[in-house]
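The sequence isn't on hand, but the structure is:
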């Protein structure tokens with residue numbers, strides 16, 4: 001399931017960059033198999049709890065599976081959302097702010113890969129390293145979100161495509177949050193105790209104001 005949603009995100013970004021509505025449509029279609037896997041895992045967990053009555057680390061493993069599959073399912077949903085907006089953006093002229101989104105996606109893709117590796121290896125230190133990288137995603141999102149706002153202020157016809165870009169960026173940022181959730185779950189699975197540090201957060205967009213209007217036109221792509 002983790003490999004499926006990881007590929008969904010990668011394909012959604014390729015569809016965005018290459019302006020490919022066909023690939024975007026395939027990413028959207030791929031969300032259903034991931035949802036089905038989540039359902040199957042839920043059923044297996046219920047059977048194990050009912051029949052085996054697990055304790056200690058076994059119980060942590062089974063409950064962790066429920067949490068991790070829920071986070072993976074949400075990552076897949078966000079990848080499908082990116083694909084839907086990538087399809088819409090393929091119908092309009094390319095926008096310069098789009099250039100920063102692949103970089104942000106690469107960070108999140110790396111987090112997803114590493115956190116899945118940490119799960120397979122039961123590596124709490126690797127999970128903690130992923131957990132700490134969420135702040136980098138938030139900082140990248142803060143920086144990225146300002147430029148589309150400037151375009152929207154200066155050129156009203158950019159409002160629709162820039163809105164799509166902002167939603168894409170937010171979807172990727174949320175994927176990073178879910179990878180961080182998985183890292184926390186793995187750390188608890190391995191150690192039996194939650195991470196005792198404050199969760200690193202760098203998303204300041206709820207407190208952001210619109211950029212000051214300088215009267216200058218934004219640089220054209």
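All right, it came through fine. All values reported here derive from a predicted model rather than from experimental measurement.

OK, contacts around residue 101?
Residues touching residue 101, when contacts are defined by Cβ atoms under 8 Å, 6 or more residues apart in numbering, comprise 13, 16, 144, 165, 168-169, 172. Quick note: C-beta positions are derived from backbone N, CA and C, even for glycine.

That one and residue 30, how far apart?
Noted for residue 101: a distance of 20 Å to residue 30, by Cβ to Cβ, to the nearest Å.

Which helix or which strand is home to the spatially most central residue of the chain?
For the chain, the residue whose C-alpha lies nearest the mean C-alpha position (Cα atoms, centre = their mean) is residue 175; its distance is 1.6 Å. With elements delineated by DSSP states H and E, residue 175 resides in helix 159-191, which encompasses its position.

How far away from the center of its chain is that helix?
Helix 159-191 has its C-alpha centroid displaced from the chain centroid by 3 Å (Cα atoms, centre = their mean, to the nearest Å).

ditto for stretch 6-14
Distance of stretch 6-14 from its chain centroid, counting by Cα atoms, centre = their mean, is 11 Å.

Check which residues of the helix or strand of the chain with the lowest mean pLDDT are buried.
Across the helices and strands of the chain, mean pLDDT, DSSP states H and E gives its lowest value to helix 134-154, namely a mean of 87. Going by neighbour count (16 or more other Cβ atoms under 10 Å), the buried part of helix 134-154 is 134-138, 140-142, 144-145, 147-153.

And for stretch 86-95?
Judged by neighbour count (16+ other Cβ under 10 Å), stretch 86-95 contains these buried residues: 86-87, 89-90, 95.

For those, give me TSV that also has distance to residue 129, pLDDT and secondary structure.
Listed next are the buried residues of stretch 86-95 as TSV, based on distance: Cβ to Cβ, whole Å; pLDDT from 0 to 100; DSSP: H, G, I helix; E, B strand; the rest coil:
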residue	distance to residue 129	pLDDT	secondary structure
86	30	94	helix
87	34	94	helix
89	33	91	helix
90	36	91	coil
95	33	73	coil
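
okay, among the residues you listed, which ones form the most distant pair?
87 and 95 (14.9 Å; Cβ to Cβ).

ok, which stretches of the chain are helices?
With DSSP state H as the definition, the chain shows helices at residue ranges 2-18, 21-29, 31-52, 56-89, 100-121, 124-132, 134-154, 159-191.

which one of the ones you listed has the lowest average pLDDT?
When these are ranked by mean pLDDT, helix 134-154 comes last with a mean of 87.

and the helix holding residue 175 with helix 124-132, angle?
Counting by axes from the mean of the first three to the mean of the last three Cα atoms, to 10 degrees, helix 159-191 points 160 degrees away from the direction of helix 124-132.

helices or strands next to helix 159-191 in the packing?
With contacts defined as 3 or more Cβ pairs under 8 Å, 6 or more residues apart in numbering; DSSP states H and E, helix 159-191 has these neighbours: helix 2-18, helix 56-89, helix 100-121, helix 124-132, helix 134-154.
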